[in-house]
Every structure is written in structure tokens, then in C-alpha cells.
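*Asks:* fold the following.
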Amino acid sequence: MRTLERELINEAMEKSSSIEHPVLDLIKKRRSVRAFSSEPIEADKINSLFEATRWAPSSSNEQPWVYIYATRNQSELWDKLFEPLNDSNKVWVKDAPLLILSLARKTFSVYGSMNEHAMYDLGGANSFLSLQAVEFGMQVRQMAGFNSGKVVQNLNIPDTYEVGVYIAVGYPGDPSNLPDKLKQREIAPRERFLQQEFVMNRTF
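*Replies:* You can find the predicted model right below:
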């Protein structure tokens with residue numbers, strides 16, 4: 001779909017910055033930030049982030065997700081993860097203390113057949129990780145802006161895995177440290193489509 005078409009559809013759909021119905025506090029507090037503090041993340045909290053993914057639901061309990069991560073002090077691995085990012089992401093990811101690449105195993109380990117829901121399951125596991133981060137006072141931003149071929153090359157990823165998204169994690173930082181074009185976007189209210197735009201109690 002062309003950009004103009006997307007913009008016209010978005011303009012026609014009603015949005016709101018307020019939470020219309022009760023939800024968990026973790027969901028209320030979650031934001032997709034770009035401004036990160038340089039404060040390191042404790043090792044036990046990193047373990048808890050990935051522990052949260054262990055308990056995400058998956059097709060046939062396959063748990064097809066795989067994560068490769070690096071902290072800022074692991075410079076060699078960090079650089080391999082960081083290099084494939086688009087420049088527009090590098091400008092703020094450089095300040096995040098934790099960078100994660102998410103992957104999905106393409107086939108079922110038991111059946112050997114293609115797991116058509118592997119990426120769906122990976123998304124669910126990433127959501128669990130994100131909410132666990134909020135519980136610790138951290139925030140997460142997931143990214144699709146990167147060179148997939150470079151990711152595969154840098155990290156020697158076998159073709160049995162599909163590249164998902166990058167995840168930057170850290171404690172919230174000062175938005176004023178961001179480039180000017182990102183500052184306002186960082187502090188702007190979150191907007192979401194109202195339920196009436198995507199929930200149907202009827203057929204199409």
C-alpha cells in the first residue's frame with residue numbers, strides 16, 4: 001500500500017490518547033521510547049526479561065523464539081548487532097544499554113514441518129519481555145529498520161531461522177538529548193485507534 005493511501009486511511013480512522021477501558025498498569029505505563037539512560041541493566045534483570053519470554057504461549061508449546069543480545073560493555077558483539085541498523089535508528093540506539101535481536105525457528109522441532117505461526121509466537125514472547133521491562137522501571141523499543149542480509153552475515157545466522165525485530169532496552173533517559181526531529185515525537189501523547197476501528201462483532 002502506498003504511503004499516501006495509508007495516510008488517508010489513518011486520517012479517516014478515529015484515534016484517542018486516553019485509555020477508554022480498564023487495563024493493567026503495566027500496559028498503561030508502557031511506551032516505545034527512544035531516549036535511554038546510559039545506566040547499565042543488572043544481570044539478574046536481563047535474565048528475568050528472557051525468563052518472561054519462556055512463559056509466553058506458543059503453537060504446540062514449540063517456543064520457537066531465539067534471542068541474541070549484547071550489553072554496551074560487550075563491544076565486539078554489540079558492534080555486530082549495531083552495524084546492520086538503519087542510520088535513523090543508530091542515532092538513538094547508541095545510548096541504549098541493552099540491544100537484542102529476536103529470531104524465530106522456522107520449523108517444528110518435533111514434526112520437521114514449517115511452523116507457520118512461529119513469527120506470531122515470537123511477537124507474543126517479545127510482548128512478554130516488554131511488559132517485564134516495564135515492571136522493572138525500564139522501557140523497550142522494537143525496530144524493523146535494519147539490513148537483514150547484514151544481520152545474517154554478522155551473526156552467522158543459519159537459514160533455519162527467520163529474523164524478527166531488534167529490541168532496545170533501558171531505563172528512560174532525557175528526551176532533550178535526542179536530535180531535534182525526534183524530541184517532539186518522544187514527548188507526544190500516545191495515540192491509538194479506537195476499538196470501533198478494528199474490533200467487529202459481525203462479519204465483514
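
*Asks:* and L26, its phi and psi?
*Replies:* phi -60, psi -40 (degrees, to the nearest 10).

*Asks:* ok, now A168?
*Replies:* Note on A168: its backbone torsions stand at phi -100, psi 140 [degrees, to the nearest 10].

*Asks:* neighbours of it, how many?
*Replies:* As a burial measure, A168 scores 24 neighbours (other CB atoms under 10 Å). Where you see a C-beta, it was placed from the backbone N, CA and C, and this is true even at glycine.

*Asks:* what of S60?
*Replies:* S60: 13 surrounding residues under other CB under 10 Å.

*Asks:* against L26, how distant is it?
*Replies:* Applying CB to CB, to the nearest Å, the value for S60 to L26 is 28 Å.

*Asks:* quick one: the helices in this structure?
*Replies:* Here the chain has its helices, by DSSP state H, at 3-12, 25-29, 43-54, 75-82, 87-93, 118-135, 148-155, 180-187.

*Asks:* in a markdown table, list those along with distance to L101, mean pLDDT and mean neighbour count.
*Replies:* Conversion of the helices of the chain to a markdown table gives the following (distance: least, CB to CB, whole Å; pLDDT from 0 to 100; neighbours: other CB atoms under 10 Å):
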| stretch | distance to L101 | mean pLDDT | mean neighbour count |
| --- | --- | --- | --- |
| helix 3-12 | 27 | 62 | 9 |
| helix 25-29 | 24 | 96 | 12 |
| helix 43-54 | 13 | 98 | 15 |
| helix 75-82 | 6 | 98 | 15 |
| helix 87-93 | 12 | 97 | 16 |
| helix 118-135 | 11 | 98 | 20 |
| helix 148-155 | 7 | 98 | 14 |
| helix 180-187 | 22 | 92 | 12 |
